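**Q** Using only what follows, build the 3D model:
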Amino acid sequence: MKTILIKNAKIVNEGTIFEGDVLIENEFIVEVAESISPKSSDCKIIDAEGNYLIPGAIDDQVHFREPGLTHKGDIASESRAAVAGGITSFIEQPNTVPNAVTQELLEQKYQIAAETSFANYSFMMGATNDNLEEVLKTNPKNVAGIKIFLGSSTGNMLVDNEAVLEKIFSSTKMLIAVHCEDETTVKNNLEKYKAEYGDDIPMEYHHLIRSEEACYISSSKAIALAKKTGARLHIFHVSTAKETALFTNKIPLEEKQITAEVCVHHLWFTNEDYAKKGTLIKWNPAVKTKTDKDGLWKALLDDRIDVIATDHAPHTIEEKKNPYTSAPSGGPLVQHAVVAMFQAFHQGKISVEKIVEKMAHNPAKIFKIDRRGFIKKGFYADLAIVNTGMPWRVNKQNILYKCGWSPFEDVTFTSRITHTFVNGELVYKHFKTTDKRRPGKRLEFNR
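**A** Numbering: from 1, shown residues only. As a prediction, this is how the structure comes out:
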């Protein structure tokens, strides 16, 4: 039996922080207590030295680009970056090539991950205007949910047939996750700026093209449809203050039929950063104004917004350097998301307990993930140790994304992930990931 004992940690779990030890046997946490003695001479002891021990983050929205787009990233490279960032489980989106819109194509992604993923994994089934039959075959026990693009993104998965949408919403009890931007509004805005600037539209107009109005129209429609049909709706990457009024904090998370996510980049950047960062911070939905950023933080902290995720979506630097209309949207984030939120902790914006709630506990609750997201006896040992006094600067040498760049390049983070465990395996330690084996497992769901 393989045992690891983590000692002297500030254990963060379910809104509390307490000094203690955690004993791991094989894949599972078997004891959490103030003081634990090694049970055998071959027990590996890791002294956490008063650093935070947190449940591994669960990122409910990533694009790891495999199959078909592996020049940008692949499951091995991006999951390696994820565990280096304290993310131990991910849910990947269907707009790979080919799109994961049949059960066979979906299962092929699981087969790749089973061989190559450093982190635990699940893949969403993609909906289109004409694949309802395939969508309804999705197994709720081992697939995270159904993904619908209500605004075009990478790939060709826009669902714009309202009858089809209503049929999907009313036909499945599975969680439906949506990308909300009104396509007509975006197209009209884009044409206006193209008429003035051609293809080389200044980046400063991106948030006016993919506008507050585009987001709000789409989100409010999706919510109205969910209320009408009783669907279980999760809205990805909310980006405007206006949208936050659509969500509630009046009921416990477990009772919510409509939940919301915010992404790290919408909490970090504003439209004022376009002048310096340009297309490197071109995302869909767009990074918007300081008012929007402040509104998102407020809704996150008062529990109208339930989850922090990344929408990790790597592109090559060459692709990002294209003119506005051909520069793709998206950027790599999984390696730096947790420490970016800890930077907000250092700035007094959020507590460590709240970071853990929004990045580990709540994704586990929302998706009903089996035995993950908490530091509890009987749960999988998915854990990260965070040293909050070990500054480091993001540079080309320590970026692990296959695309080789980060929107956080040259940022100095005060906190560092020192160790990451996935299913009881120490997979990352001080800027080095293991190359011995890929310990990730397929996520299972209590549904």
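**Q** Would you state the strands of the stretch 151-300 of the chain in chain order?
**A** Ranges of strands in the stretch 151-300 of the chain, per DSSP state E, counting those that start in this stretch, are 176-179, 233-235, 258-263.
**Q** The second one - what's its average pLDDT?
**A** Read it as strand 233-235. Across strand 233-235, pLDDT averages out at 98.
**Q** Note down every partner strand of it and its orientation.
**A** strand 176-179 (parallel), strand 258-263 (parallel) (DSSP bridges).
**Q** can you give me how far the shortest one is from the chain middle?
**A** This points to strand 176-179. Relative to its parent chain, strand 176-179 has a centroid offset of 13 Å by C-alpha atoms, centre = their mean, to the nearest Å.
**Q** would you turn the strands of the stretch 151-300 of the chain into CSV with distance to Asp382 and mean neighbour count?
**A** All C-beta spots, glycine's among them, are computed from the backbone N, C-alpha and C. Output for the strands of the stretch 151-300 of the chain, formatted as CSV (distance: least, C-beta to C-beta, whole Å; neighbours: other C-beta atoms under 10 Å):
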stretch, distance to Asp382, mean neighbour count
strand 176-179, 22, 25
strand 233-235, 21, 25
strand 258-263, 20, 24
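**Q** As a markdown table, the ones you listed with distance to Lys141 would be great.
**A** Shown next, in a markdown table, are the strands of the stretch 151-300 of the chain (distance: least, C-beta to C-beta, whole Å):
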| stretch | distance to Lys141 |
| --- | --- |
| strand 176-179 | 17 |
| strand 233-235 | 18 |
| strand 258-263 | 20 |
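**Q** Ok, which of those comes nearest Ala9?
**A** For Ala9, the closest of the strands of the stretch 151-300 of the chain is strand 258-263, at 28.0 Å, according to C-beta to C-beta.
**Q** Return the residues in contact with Lys194.
**A** Ile201, Thr325 (C-beta atoms under 8 Å, 6 or more residues apart in numbering).
**Q** at 10 Å instead, please
**A** Contact analysis of Lys194 by C-beta atoms under 10 Å, 6 or more residues apart in numbering lists Asp200, Ile201, Ile209, Tyr324, Thr325.
**Q** ok, and the closest non-adjacent residue to Leu105?
**A** Nearest non-adjacent residue to Leu105, counting by C-beta to C-beta, 6 or more residues apart in numbering: Pro98, 5.8 Å away.
**Q** hang on, the earlier thing: looking at the strands of the stretch 151-300 of the chain, which is closest to Asn139?
**A** Between Asn139 and those, the shortest separation by C-beta to C-beta is 15.4 Å, and it involves strand 176-179.
**Q** helix, strand or coil for the residue nearest to Val159 when sequence neighbours are not counted?
**A** With sequence-adjacent residues excluded and distances taken as C-beta to C-beta, 6+ apart, Val159 is closest to Ile148, at 5.1 Å. Secondary structure state of Ile148, per DSSP: H, G, I helix; E, B strand; the rest coil, is strand.
**Q** Backbone dihedrals for the residue nearest to Met125 when sequence neighbours are not counted, please?
**A** Using C-beta to C-beta, 6+ apart and skipping residues adjacent in sequence, the residue nearest Met125 is Thr138, 4.5 Å away. Torsion angles at Thr138 (phi, psi; degrees, to the nearest 10) stand at phi -60, psi 130.
**Q** My read is that Thr138 contacts Leu132, right?
**A** No. With contacts counted by C-beta atoms under 10 Å, Thr138 stays clear of Leu132, the gap being 11.1 Å.
**Q** Settle it for me: which of those two has more neighbours?
**A** Thr138 (19 against 14; other C-beta atoms under 10 Å).
**Q** For that one, which residues are in contact?
**A** Contacts of Thr138 by C-beta under 10 Å, 6+ apart are Gln103, Leu106, Met124, Met125, Ala127, Ala144, Gly145, Ile146, Thr172, Met174.
**Q** and the helix or strand hosting Glu104, how far from the chain's centre?
**A** Taking DSSP states H and E as the criterion, Glu104 maps to helix 103-116. A distance of 19 Å separates the centroid of the chain from that of helix 103-116, by C-alpha atoms, centre = their mean.
**Q** list the helices and strands it packs on?
**A** When contacts are defined as 3 or more C-beta pairs under 10 Å, 6 or more residues apart in numbering; DSSP states H and E, helix 103-116 packs onto helix 75-84, strand 87-92, strand 120-123, strand 125-126, helix 132-135.
**Q** elements contacting the last one?
**A** In terms of contacts (3+ C-beta pairs under 10 Å, 6+ apart), helix 132-135 is packed against helix 103-116, strand 125-126, strand 146-149, helix 162-171.
**Q** For the nearest residue to Leu165 once chain neighbours are set aside, give me the pLDDT.
**A** With sequence-adjacent residues excluded and distances taken as C-beta to C-beta, 6+ apart, Leu165 is closest to Val159, at 5.9 Å. Looking at Val159, its pLDDT is 88.
**Q** Go ahead and confirm Val159 touches Ala127.
**A** Yes. Between Val159 and Ala127 there is a contact at 5.6 Å, judged by C-beta under 10 Å.
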